[in-house]
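Participant: here are the coordinates; sequence isn't available:
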Ligand SMILES: CC1=C(CCC(=O)O)c2cc3nc(cc4[nH]c(cc5[nH]c(cc1n2)c(C)c5CCC(=O)O)c(CCC(=O)O)c4C)C(CCC(=O)O)=C3C
Ligand SMILES: [Fe+2]
């Protein structure tokens, strides 16, 4: 019989319905309920996005199913069967629920991976910490993939997404080298830098590698979706960057949100609605690359790093 290896696939999570937004937001805020105004603003943003009210849930479900299929396909590993479990940071099924489900199914060896390529102690680090604590309690041996921001297939698929949009700009009459490519990711509080966090450097490395692979002439990195708190967040924010580009007489802008892998609020609202509106006011032509979602190339990246992790765990045990 094949040995079962659990794969805890972790993601941010999204509410199941508008009624669930308050509990979700309260969880994000470490148990502090939002004010009525904050809650309404978040509900308004969810209501404004296209493609279903909470597309992240469906996207994550599809990614988890597609990863399990990718891991079990091919002839290499007939002696192991990978079983994927979902673990969400701020919604059901929570990270702890996923670990508990693995233990209940009799799984003793598992790998954890986050559907975000870049490591920060405030993002991926907290997913891993929660999974690790639960795994120890449930006596499941777990190893974790911390980042995969320079995986060759990731760089390849992202650069193809960038090239495809640059082609479209050309077809629309723009000069390819005059399109400014803006790589972006979710901002985090500035204090991560003094903690020696690798998040910003990893994002810059991904951006540089993608720009080079796609032959991008002109690019820069910008942050987006900063939290609404009193402390300073990493900038410049994408909306300010658009204003800056308009001053520089740039006309064509392509946003490549390389810190995200799914269509969700930060992409469908913060970029497609909010940034697009600002671009319109500034008379900039703005496009963004398509999200990876369950693209087979992204699934190949994930299955490769999961398999590599399993091999490393075997070596360290023997
Ligand atoms: C690094 C990072 C990622 C990328 C890596 C990863 O994917 O993990 C990410 C992704 C996401 N963030 C998301 C949603 C939200 N994040 C919030 C707030 C916050 N995000 C933070 C960080 C990150 N967030 C932080 C430090 C806060 C402040 C509160 C805190 O200290 O924790 C808030 C509260 C309101 C607001 O501030 O806007 C919301 C609604 C959704 C789901 C969208 C959907 O449902 O479609 C996704 C994929
Ligand atoms: Fe967030």
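Facilitator: Cool, the structure landed. On a predicted model such as this, the values are computed, not experimentally measured, just so you know. Ligands and ions are numbered 1, 2, ... in the order given.

Participant: can I assume residue 85 sits in a strand?
Facilitator: Yes: counting by DSSP: H, G, I helix; E, B strand; the rest coil, residue 85 is part of a strand.

Participant: which residues touch the closest residue to it other than its chain neighbours?
Facilitator: Using CB to CB, 6 or more residues apart in numbering and skipping the chain neighbours, the partner closest in space to residue 85 is residue 98 (4.2 Å). In short, each C-beta sits where N, CA and C put it, glycine included. Residue 98 makes contacts with 8-10, 85-87, 131, as judged by CB atoms under 8 Å, 6 or more residues apart in numbering.

Participant: The helix or strand hosting residue 98 vs ligand 1: in contact?
Facilitator: Taking DSSP states H and E as the criterion, residue 98 maps to helix 95-104. No: judged by CB under 6 Å from any ligand atom, helix 95-104 stays clear of ligand 1, getting no closer than 11.5 Å.

Participant: What residues sit buried inside that helix?
Facilitator: Judged by neighbour count using 16 or more other CB atoms under 10 Å, the buried positions of helix 95-104 are 95-96, 98-103.

Participant: Repeat that for stretch 150-159.
Facilitator: Across stretch 150-159, burial judged by 16+ other CB under 10 Å covers 151, 153-159.

Participant: Just the ones of those in strands?
Facilitator: Assignment to strands by DSSP state E places none of these there.

Participant: Just the closest residue of the stretch 1-150 of the chain to ligand 1, please.
Facilitator: As assessed by CB to the nearest ligand atom, ligand 1 sits closest to residue 14 within the stretch 1-150 of the chain, at 3.2 Å.

Participant: Which residue is the nearest non-sequential neighbour of that residue?
Facilitator: Closest residue to residue 14 apart from its sequence neighbours, by CB to CB, 6+ apart: residue 56 at 4.0 Å.

Participant: so how many other residues sit close to residue 81?
Facilitator: Residue 81 has 14 neighbours, counted by other CB atoms under 10 Å.

Participant: now the helix or strand encompassing it and helix 95-104, what's the angle there?
Facilitator: Per DSSP H and E, residue 81 falls inside strand 80-88. Following axes from the mean of the first three to the mean of the last three CA atoms, to 10 degrees, one obtains 150 degrees for the angle between strand 80-88 and helix 95-104.

Participant: which residues sit against strand 80-88?
Facilitator: With CB under 8 Å, 6+ apart, strand 80-88 has contacts from 2-13, 60-61, 64-65, 67-68, 71-72, 93-99, 101-102, 105, 107, 112, 127, 131, 306, 310.

Participant: Spell out which parts of the stretch 1-150 of the chain neighbour ligand 1.
Facilitator: 12, 14, 28, 42, 56, 116, 120, 122-123.

Participant: State whether residue 227 is indeed within a helix.
Facilitator: No: remark: residue 227 does not belong to a helix; assigned using three-state DSSP, it is coil.

Participant: what are the phi and psi angles of it?
Facilitator: Main-chain torsions, residue 227, degrees, to the nearest 10: phi -70, psi 160.

Participant: Also residue 224?
Facilitator: With angles defined as degrees, to the nearest 10, residue 224 sits at phi -150, psi 170.

Participant: and the gap between the closest residue to residue 107 other than its chain neighbours and residue 113?
Facilitator: Nearest residue to residue 107 in three dimensions, chain neighbours excluded: residue 6, at 4.0 Å (CB to CB, 6+ apart). The gap separating residue 6 from residue 113 is 11 Å, by CB to CB, to the nearest Å.
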